[in-house]
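Undergrad: Provided below for reference: sequence and predicted model.
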Amino acid sequence: MSNEQTIHAGTSPAIAHDLHHDAHDEHHHHHDTFITKYIFSQDHKMIAKQFLVTGIIWAVLGGLMSVLFRIQLGYPDQSFPFLETLLGKWAKGGHITAEAYYPLVTIHGTVMVFFVLTGGLSGTFANFLIPLQVGARDMASPFMNMLSYWFFFAAGIVMLSSFFLETGPFSGGWTAYPPLSALGSTSPGSQRGMDLWIISLALFVISSLLGGLNYIATILNMRTKGMSMTRLPLTIWALFFTAVLGVLSFPVLLSGFILLIFDRNFGTSFYLSDIYVNGVGALPNEGGSPILYQHLFWFLGHPEVYIIILPAMGLVSEVMSVNARKPIFGYMAMVGSLFAIAILAFLVWAHHMFVSGLNPFLGSFFVLLTLLIAVPSAIKVFNWLTTLWRGSIRFTPGMLYAIGFVSMFISGGLTGVFLGNSALDIHLHDTYFIIAHFHIVMGVAGMFGMFTGIYHWFPKMYGRFMNNTMGYIHFWVTFVGAYLIFWPMHYEGLAGMPRRYYDYTNWESFKMFGGLNVFITIVSVIVFAAQILFIINFFYSMYKGRKVTSQNPWGSNTLEWTTPINPGHGNWVGEIPEVHRWAYDYGKDGKEFVPQTTPVGAGEANH
Amino acid sequence: MSTFFIIAVLVLVFVVIFQIAKASEYVSILRGQERSRNQDNKVNGFLMIAFLILGLVGVYYCHMILKDRLLGESASVEGEKVDSMMNITILVTGIVFFITQIALFWFSYKYQESKNRKPFFFPHNNTMEVVWTVVPAIVLSVLVVIGLRNWFIFTGDAPKNALVVEVTGRQFGWIFRYPGKDKEFGKRYFRNIDPSTNSLGLVWADNKELNQKADPAAYDDIVQEQTMYIIKGRPVKLIIGSRDVIHDVGLSHFRLKMDAVPGIPTTLWFTPKYTTAEMKKITGNSNFQYEISCNQMCGNGHYSMKGVIEVVTKEEYDVWMIKQKPYYFSAFPDKDPSATPLVTPSKIDSATPPGTASVGGGSTGSQSKLR
C-alpha cells in the first residue's frame, strides 16, 4: 500500500466526485476554461482563494522585510554578506543602510495592514463565507467581486514595482504624514516611491469599496429562507460590520490622499506651511495644516484596525463554538458588542494624535470614548471564556489559534488602556510600547484569526485537510515566539525607547536594550521559519492532503457544511436549504449538534 | 561555504519535520479518527497548562531581568504623576490580565473533550453579562478621571515664573532660542532663514518685499544648537515648532513629549527635579545625559536627531547665560559693541559657533553615513 493509498484509505472518492459532477451539471451548462475558472473567475470561492494566496505571498514578503530590519536592530555593528547579495546597494558591505531600513519599515507596515490583514483576511473570508453561510449561490455582483480582486492585484503590482526605483520605495512610515510624505526634497523615498505608494493604495481603496459594497448587499438581500439577521453566524455579523466600516472610512482616506497628491504635484498648500528645507530653501506654501492630514488619515486609520480585528473575532467566535461543542455564550451580546465597537471606531481617531498639538480639551473627549471601547471588548473576552467553560474542547489547529487569539487580544487590549489615556500616552506615544501593543492586539491577533479561519475552512476550500502535526508545531512556535518577541518590547517602551530608529547605539538612554534586541531578532527569525512550515503545509495539503470524506467533518451547524465536499459554482446542488434555527445549537437536549437546516422540534425551546 | 551549510541544515530540519508530520498522519488514520483526536487533545491540553505555568514564570523572569533597565524615578515633578498613574493602571490591568489568562488556559485544559462529560448548554445569562459590562465601565471611568486630571495639568498653562525656551526641530537636529535680556522673543519668519547666519529666520532687517519691519526684540535673542540649559526646580515652558517636517520633542526622563509641527506652535511645560550632575549619581552612569529624542518619523536621519538638555542650578545657569552672545552678533560680528571684551566667549557646549553648526551633534559619525 503506497502512502497515497494509506492516506486516502476509507475514502470513497467516487461519491465526492459524483456530487461534484452533479453540482456542475445543475448550474453550469457552460464549460469553464482555465481563464474563467482560475484567473478571471466570478465564483466567490475562487476569488476568496485568489485573495488568500495573494495575501500569503504578501505576508511572506512583509514578514521577510521585518526579519531584515530586525537583523539591523539586533546587530547594528555586524555585517552580513548575504544582505548585500540580496539587496545590492541598499546593503553595501552587508550592512543595511538607513535609506533601506526606512523603506523596509514603511512597506512592512503598509503591506501587513492593508494587503495582508485587510485584503488577505477580509477578502478571503468575506468572499468565501458570506454566500456559503447566508445561503446564497454567489455574491450580489460576482463581476464587481472579480474586479475587487483585480484592483487588489494591481495595487500589489504597483507597490511591488516601487521596490525597483532608484530612489527606493516610500520611506516615511505607513501613516505617511506630510510634510515628509509631501516633499521629495526631505527624503528620497518621498519622490517617485511615494507616487507609487499613493497609486497603490488608491487602487486598494477601490478594491475594498467594490468588495465591501458587495458584502453588504449580499448579507442584507441574499439570505436564504428562514435566515433572519439574528440567525446569522457571528462570522457574518463581524464581516458585515467590517464592510460597513470600510465603506464609510476608506473614502475619507482617499480624500486625504487626493489632497496630498495636489500638495505634491500641483503646488497647493493643504498640508504645508512655513517650511524651509535644507538645501532647497524656503517653500512658497503658507497656511496649510499637517494636522488636517492626520485627521483624515486616522479617520480611516482607526476604523482600519477594527476592519482587521472584527473578522478575526467573527472567525474565532464561530470556530470556538464549534470546537467547544457548546453554543457561543451571549450571542446577542456578541452582536451588540460588535455593533458598539463599529460605532465607537468612528469616534476615537484622534487618540493617535494626543501629542500632535491637538487641542487638549478636544483630546479629553477622545480619552473617554477610547476607554469606552474597552467595555465591548471586555464583554467579548468574558463571553469567549464562558464559551470554553464546561465545554468539550477539541484541539484542532483552528481551535488552538482561536484560543491563542483570545490570549493575544487580552494582552494587547489591556495595554490599550494605557495608551488610550492621554496622560500616559504623553510618555508612551511612539515608543516600543505602542509597537508591542498594536502588534499583539492587531498584528498577531489578526494573523491568529486568519490562521483560525484557514485551518478550519481549508477542508471546505480544497476538499482536503491540512496536516495536523505541522499545524500544531506551527501554532506553538508562533504563539510562544510572538510573546517572546513582543512582551519584552513593553519594557523598552516604558523606558521611552522611540520607534522607527535605525540604530540606538549612540543613545545613552536606550542603548542598554542592545542585548534584548538581539534576543528579539533571533526569535523573530525562528517565528518566520515556522511560517514557512505553514506555507509548505498549505500548498502540500492543497494537492496531497488527506481527503475530506464526510460533508461535515467538524460536526458544524452552519450552512457551508451542507454543500457538496467540492462545491461547484452555485454552491448547492438543487434547492438552497431553508434555515430553521440559529447557528449555535451545540449540545442542546443531549444532541451533539443540530444543523441550522433542522426544523425546530415540537416543544423544543428556542434559544 | 558556511552559508550553504546553514541552508542545508535548515532544509534538513524542514524535511525531518515534514516527514514526521506525514508519518503521524498515517498513524492517526490507521488508528482511527477518534483515538487520534483523543491523543491530540491530551497533548495540546497539556501544552495549554504548561504554557500557562511557563508563561507566568516567564513574565516574572522577564521583569526581573529588565526592571533595572527601566527609567527609575521621574526627573520631573509632573512625571511623578505619570508614574503613579502608570502604577495604578498596571495594577488594574494586571489583575484582569492574570484572571483572564489563567481562566483561558485553565478552562482549555480542564474542559478538553472527554467521554465522561457532556458539554453544558449555556447560551446566555443576563446577570453575568450585566456584571461584566458594568464593572469594567466603572473601573475605566475611574482611570479616565485620574487621567484627565493629569492631562489638564500637563497641557494647562505653565506657572507664571516658568523659564521660556523656544525649541525648533529641523532635519536632523534641534535649535533652541532664549528671549535674551528683554525677556521677549523677537519675531521670526521662515523666509528669512539662512542656514549659516540666521537658522530661525529672525526678523532683523526691514524687508519691503516680505512686508516686514525689523523687530527690535529679535536683536538680543540667544540661539543655541543641540544643547538646552534649564534650571533645576524652576518650571520650564517649551514653545515647540519645526522648520521642515514634523518632529517630536521626546523627553523620556521627564515622561513627556510633544510634536514639533511646521506652522503650528505647540507647548509643553515641566519642572526638572534633578540636575544632570545629580542624575549621573542617581543612575550611576557617568555618561548620563538628558536626551531629547525625536519620536516622530522625520526622514532617514530620524534616529540621529538627538538634543541634549543640561539641567543646572540657578547659579550655574546665570553664569552660563551671562557668557551667551545674542545670535545677531554672531551673525554680524562687526555690529557687536562688546566685540573686544568678548574675544573669548566661553563656549560651553559647542566648538562651532551657532549657525554654522548645521550638522547634528551627538552622532556625527552616523550623520556622515547618511550623506
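TA: That came in fine, so what should we check first?
Undergrad: residues touching the most centrally placed residue in chain A, list them.
TA: Chain A has A:Leu117 as the residue nearest its centroid, 1.9 Å off, counting by C-alpha atoms, centre = their mean. By C-beta atoms under 8 Å, 6 or more residues apart in numbering or on different chains, the contact set of A:Leu117 is A:308, A:442-443, A:446-447, A:450. The C-beta positions use only the backbone N, C-alpha and C, and glycine is treated the same way.
Undergrad: again, but for A:Trp389
TA: B:103, B:107, B:111, B:120, B:122.
Undergrad: domains of chain B?
TA: B:40-112+B:126-156, B:163-335 (automatic domain parsing).
Undergrad: and those, which is most packed in?
TA: Comparing those by mean neighbour count (mean count of other C-beta atoms under 10 Å in any protein chain shown), domain B:163-335 ranks first with a mean of 20.
Undergrad: quick one: average pLDDT of that one?
TA: For domain B:163-335, mean pLDDT is 92.
Undergrad: gap between it and the chain center?
TA: 18 Å (C-alpha atoms, centre = their mean, to the nearest Å).
Undergrad: buried ones in stretch A:562-581?
TA: A:562-573, A:576-577, A:579-581 (16 or more other C-beta atoms under 10 Å in any protein chain shown).
Undergrad: re earlier: out of the domains of chain B, flag the one nearest chain A.
TA: Checking the domains of chain B against chain A by C-beta to the nearest C-beta gives domain B:163-335 as the closest, at 2.4 Å.
Undergrad: gap between the two ends of that closest one?
TA: End-to-end span of domain B:163-335 (C-alpha to C-alpha, to the nearest Å): 28 Å.
Undergrad: residues from the stretch 251-371 of chain B in reach of chain A?
TA: B:252-253, B:255-259, B:261-264, B:266, B:285, B:287-289, B:291, B:293-304, B:306, B:358, B:362-363, B:365-366, B:369-370 (C-beta under 8 Å from any C-beta of the partner chain).
Undergrad: how does it look with 7 Å?
TA: B:252, B:255-259, B:261-264, B:266, B:287-289, B:291, B:293, B:295-300, B:302-304, B:306, B:362-363, B:366, B:369-370 (C-beta under 7 Å from any C-beta of the partner chain).
Undergrad: okay, helices next: where are they in the stretch 1-150 of chain B?
TA: B:2-31, B:33-66, B:77-110, B:126-155 (DSSP state H, counting those that start in this stretch).
Undergrad: okay, those helices in TSV with mean pLDDT and distance to chain A next?
TA: Formatted as TSV, the helices of the stretch 1-150 of chain B follow (pLDDT from 0 to 100; distance: least, C-beta to the nearest C-beta, whole Å):
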stretch	mean pLDDT	distance to chain A
helix B:2-31	87	4
helix B:33-66	93	4
helix B:77-110	95	4
helix B:126-155	93	4
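Undergrad: so for A:Trp487, which of those helices sits nearest?
TA: helix B:33-66 (6.2 Å; C-beta to C-beta).
Undergrad: counting contacts, what elements does that closest one pack onto?
TA: On a contact count with 3 or more C-beta pairs under 7 Å, 6 or more residues apart in numbering or on different chains; DSSP states H and E, helix B:33-66 meets helix A:468-494, helix B:77-110.
Undergrad: and the residue nearest to B:Val43 when sequence neighbours are not counted, what's its pLDDT?
TA: In space, and not counting its chain neighbours, B:Val43 is closest to A:Tyr472: 7.6 Å by C-beta to C-beta, 6 or more residues apart in numbering or on different chains. Here the pLDDT value assigned to A:Tyr472 is 95.
Undergrad: burial check on A:Tyr472, number of neighbours?
TA: By the other C-beta atoms under 10 Å in any protein chain shown criterion, the neighbourhood of A:Tyr472 contains 20 residues.
Undergrad: check A:Thr242 too.
TA: Neighbour tally, A:Thr242, other C-beta under 10 Å: 31.
Undergrad: same deal with A:Lys37?
TA: 14.
Undergrad: and it, what is it in contact with?
TA: Counting by C-beta atoms under 7 Å, 6 or more residues apart in numbering or on different chains, A:Lys37 touches A:Met46.
Undergrad: pretty sure the residue nearest to B:Val43 contacts A:Pro397?
TA: Yes: A:Tyr472 is within contact range of A:Pro397, at 6.3 Å (criterion: C-beta atoms under 7 Å).
Undergrad: residues making contact with stretch B:108-128?
TA: A:324-327, A:329-331, A:388-395, A:403, A:584, A:586-588, A:607, B:41, B:45, B:48-49.
Undergrad: okay, now it: how far is its last residue from its first?
TA: End to end - C-alpha to C-alpha - stretch B:108-128 spans 20 Å.
Undergrad: and for stretch A:325-335?
TA: 20 Å.
Undergrad: same question for stretch A:168-178.
TA: End residues of stretch A:168-178 are separated by 18 Å (C-alpha to C-alpha).
Undergrad: quick one: is it near chain B?
TA: Yes: residues of stretch A:168-178 contacting chain B under C-beta under 7 Å from any C-beta: A:171-173, A:177.
Undergrad: pull the contacting residues for residue 62.
TA: In the absence of a named chain, this looks at chain A. The contact partners of A:Gly62, taken as C-beta under 7 Å, 6+ apart, are A:108, A:111-112, A:116.
Undergrad: looking at chain B here, not the other one
TA: A:487-488.
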